[in-house]
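Turn this into a structure:
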Amino acid sequence: MASPFKNPRLRSVVDIFRGAGVLFAGTMTTQILTGLLYLLAARVMLPDKYGAAASVASIAILAVAICDFGGMTYALRERSAGRMTPLQLVEWQRSKAVVVLAVSPVVGVIAALAGGTLTVSTIAAAAVLFVCNSLALIMGVALRSELRFGAVVGATVTSRVPGVLLIFLLAWRGGVSGDLLVLLLALNSGIEACLYRVLQKRLTAPHEPVVRYHWVHPYRDRSGVGASATVNSLGTLDITVVNNVAGAAVAGQYAAVNRWMGPIGLAAQAVTQAVFPRMSADAASKRFSGLVSALLTVSLSLPVVGTVALLAPWLVNTFLGSAYAGSVHSLQLLCLAIAFAMACQPLSGALVAWRLEKYSTLCVSGGLIVQLGAQAYGAKEFGAAGAAGGAALGQFVTVLLLCFCLWRTRAIWEREEENVQVDLTSSEASQIVNG
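Residues are numbered from 1 along each chain as shown. Presented below is the predicted three-dimensional model:
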């Protein structure tokens, strides 16, 4: 089975970076549309109602990552390398969908309990959001593995438009409940999954024969990738922790501005993806040059973060209203947190590129424990601002741990290179003496 990367039109570096640019633009547009949906909902909902709904949604989305357990990354890698045929991919997608449907009621109950609203409607809404998000994740593998970036962006952006239009209409009429917000998020992901499936059949395998369903184990040989993916996804627990420790009103104040940090963090993600191949392929003596370039590029986004922090009072009052006045300090502290988080992206990516992903997982886990603990204490004592301060502290600790691992790694490499040079010198001297 030939790899899709063998296509001659993809050999040009310009084509590769053009695809990355398309993905970045599409992801940014998607984040803006999703943020607009949350913004309109927060505008017409009370902070406690909005906080409970945001907590339910965050648990359902976290369950998507846990249930996936790195499966999407594994399938994407295997399909891109040509080790998984289109039919095998379809079998994996079907088997994974069966697992998702089977565990969705349990996820619905857990999410409803976390949001403090254990009702049938909330359970159903959370379960539907979990299923739709999972299907969107599963169905997007085929297009991404074939580098159909335009199709991916088209499906993602198109799927967000109906939800925004509906929330705008409902906000104008003055009726948005927490369950309805969760269902609108599910609608976005459901449309995205359907578009992915249609495009997959038309673009990636138009002559794919129809086969009977065959069960494949969706979690076989996924432990390493799954552990890393699960740890990275646990950061979404912050809203749930704040909600359970300090109440829905504080969680709403925090969640209303926390969603604004997503688009800013996309810059660091794009930079890390661009330099990842270089850091993976370079010799040990040159690997850190790629990391330094990534950090310098990421630093160009810091003026944007600083501007958001300075304009926080005006932004909160204009877009959220006086009911969210307590979110001003939260937004300013979250700007500090996102500045550290942007540094974490290339630092963690460097460890993964150098086959040291276990150290990356440990560093991120340590920072996450500090973050959630500090947020629990800060939210209880100081409200939404304390939760945001805990996020900043956790990201700062993660940066310190990653820097320590990278420093130790560089020291080990330098010693190894010195030993190699000594061995070469000794070998040359021996040859001269024997000669």
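
contacts and neighbour counts: CA atoms only from here.
Fine.

The stretch 101-250 of the chain: strands as residue ranges?
Here the stretch 101-250 of the chain has no strands by DSSP state E, counting those that start in this stretch.

for it, which spans come out with low pLDDT?
Residues of the stretch 101-250 of the chain meeting the criterion pLDDT under 70: 147, 174-175, 203-214, 219-229, 233.

isn't Ala142 right next to Gln200, touching?
Yes - Ala142 lies in contact with Gln200 (CA atoms under 8 Å); the separation is 6.3 Å.

More neighbours: which of the two?
Neighbour count, other CA atoms under 10 Å: between Ala142 and Gln200, Ala142 has more, with 27 against 21.

if I look at that one, how far off is Leu165?
Plainly put, Ala142 is 29 Å away from Leu165 if you go by CA to CA, to the nearest Å.

before we move on, what about Thr297?
Distance, Thr297 to Leu165, by CA to CA: 36 Å.

Looking at these two, which has the bigger crowd around it?
Thr297 (15 against 12).

Give me the phi and psi for that one.
phi -70, psi -40 (degrees, to the nearest 10).

Start at 51, not 1
Okay, residue one is now 51; in that scheme the one you just asked about reads as Thr347.

what's the domain layout of the chain?
Residue ranges for the domains of the chain, per automatic domain parsing: 51-271, 286-485.

just so I know, which of those domains lies nearest Thr280?
Closest approach to Thr280 among the domains of the chain is made by domain 51-271 (5.6 Å; CA to CA).

next one: that closest one to chain centre, how far?
12 Å (CA atoms, centre = their mean, to the nearest Å).

So which residues of the stretch 151-300 of the chain form helices?
Secondary structure of the stretch 151-300 of the chain by DSSP state H, counting those that start in this stretch: the helices cover 170-189, 191-195, 199-223, 228-249, 273-283, 288-296, 298-308.

deepest of these, which one?
helix 298-308 (a mean of 27; mean count of other CA atoms under 10 Å).

Please determine how far Ser372 is located from Pro268.
Plainly put, Ser372 is 48 Å away from Pro268 if you go by CA to CA.

The two - which one has more neighbours?
Counted by other CA under 10 Å, Ser372 and Pro268 do not tie: Pro268 has more neighbours, with 20 against 12.

pLDDT score assigned to Leu451?
Predicted confidence (pLDDT) for Leu451: 93.

Look at it and give its secondary structure.
Using DSSP: H, G, I helix; E, B strand; the rest coil, the structure places Leu451 in helix.

Need the nearest residue in space to it, chain neighbours excluded.
Nearest non-adjacent residue to Leu451, counting by CA to CA, 6 or more residues apart in numbering: Cys413, 5.5 Å away.

Let me know the angle separating the host helix or strand of the one you found from helix 298-308.
Assigned by DSSP states H and E, Cys413 belongs to helix 407-432. For helix 407-432 against helix 298-308, the angle by axes from the mean of the first three to the mean of the last three CA atoms, to 10 degrees is 130 degrees.

average model confidence for helix 407-432?
Per-residue scores along helix 407-432 average to 88.

buried sites along it?
By 16 or more other CA atoms under 10 Å, the buried positions in helix 407-432 come out as 407, 409-430.

How about the contacts made by Thr167?
Ala102 (CA atoms under 8 Å, 6 or more residues apart in numbering).

What backbone torsions are found at it?
phi -130, psi 80.

ok, it to Ala186 distance?
26 Å.

ok, now Ser339?
Counting by CA to CA, the gap from Ser339 to Ala186 is 37 Å.

The host helix or strand of Leu137 relative to helix 288-296, how many degrees between them?
Using DSSP H and E, Leu137 falls within helix 136-165. For helix 136-165 against helix 288-296, the angle by the same axes, to 10 degrees is 20 degrees.

Check which helices and strands helix 136-165 sits against.
With contacts taken as 3 or more CA pairs under 8 Å, 6 or more residues apart in numbering; DSSP states H and E, helix 136-165 sits against helix 97-118, helix 121-130, helix 170-189, helix 288-296.

CSV for the ones you listed, including distance to Ala75?
Putting these into CSV (distance: least, CA to CA, whole Å) gives the following:
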stretch, distance to Ala75
helix 97-118, 23
helix 121-130, 21
helix 170-189, 19
helix 288-296, 27
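
Number of residues surrounding the residue nearest to Gly302 when sequence neighbours are not counted?
Nearest residue to Gly302 in three dimensions, chain neighbours excluded: Gly101, at 3.7 Å (CA to CA, 6+ apart). The number of residues packed around Gly101, counting by other CA under 10 Å, is 29.

need the contact list for Gly101.
Contacts for Gly101 (CA under 8 Å, 6+ apart) come out as Ile289, Asn293, Ala298, Ala299, Val300, Ala301, Gly302, Gln303, Ala305.

Isn't the first one up against Ala107?
The reference is to Ile289. No - with contact defined as CA under 8 Å, Ile289 does not count as touching Ala107 (9.8 Å).

Against Thr84, how distant is Ala91?
11 Å.

Of these two, give the one with the bigger neighbour count.
Set side by side, Ala91 and Thr84 show more neighbours around Ala91, with 26 against 20, by other CA under 10 Å.

from memory the more buried one sits against Ala221, does it?
Yes - look at Ala91 against Ala221 with CA under 8 Å: they come within range, at 7.0 Å.

Where does the nearest residue to Glu407 once chain neighbours are set aside sit, in terms of helix or strand?
Distances taken as CA to CA, 6+ apart place Leu401 nearest to Glu407, at 5.7 Å, with adjacent residues excluded. Assigned by DSSP H and E, Leu401 falls within helix 377-403.

Show the model's pLDDT score for Gln323.
60.

let me fix that: Ala320
Confidence score, pLDDT, at Ala320: 66.

cool, and Leu89?
78.

Give me the contacts around stretch 308-318.
Against stretch 308-318 from outside (CA under 8 Å, 6+ apart): 74, 77-78, 81-82, 85, 88, 348, 351, 355, 381, 384-385, 388, 391-393, 395-396.

who's in contact with Pro97?
Ala298, Ala299, Val300, Ala301, Gly302, Gln303, Ala373, Tyr374 are the contacts of Pro97 under CA under 8 Å, 6+ apart.

could you redo the last one with a cut-off of 10 Å?
Counting by CA atoms under 10 Å, 6 or more residues apart in numbering, Pro97 makes contact with Ala103, Ala298, Ala299, Val300, Ala301, Gly302, Gln303, Tyr304, Ala305, Ala306, Ala373, Tyr374.

Report the two of those separated the most.
Across the contacts of Pro97, the longest distance by CA to CA is 17.0 Å; it joins Ala103 and Ala373.
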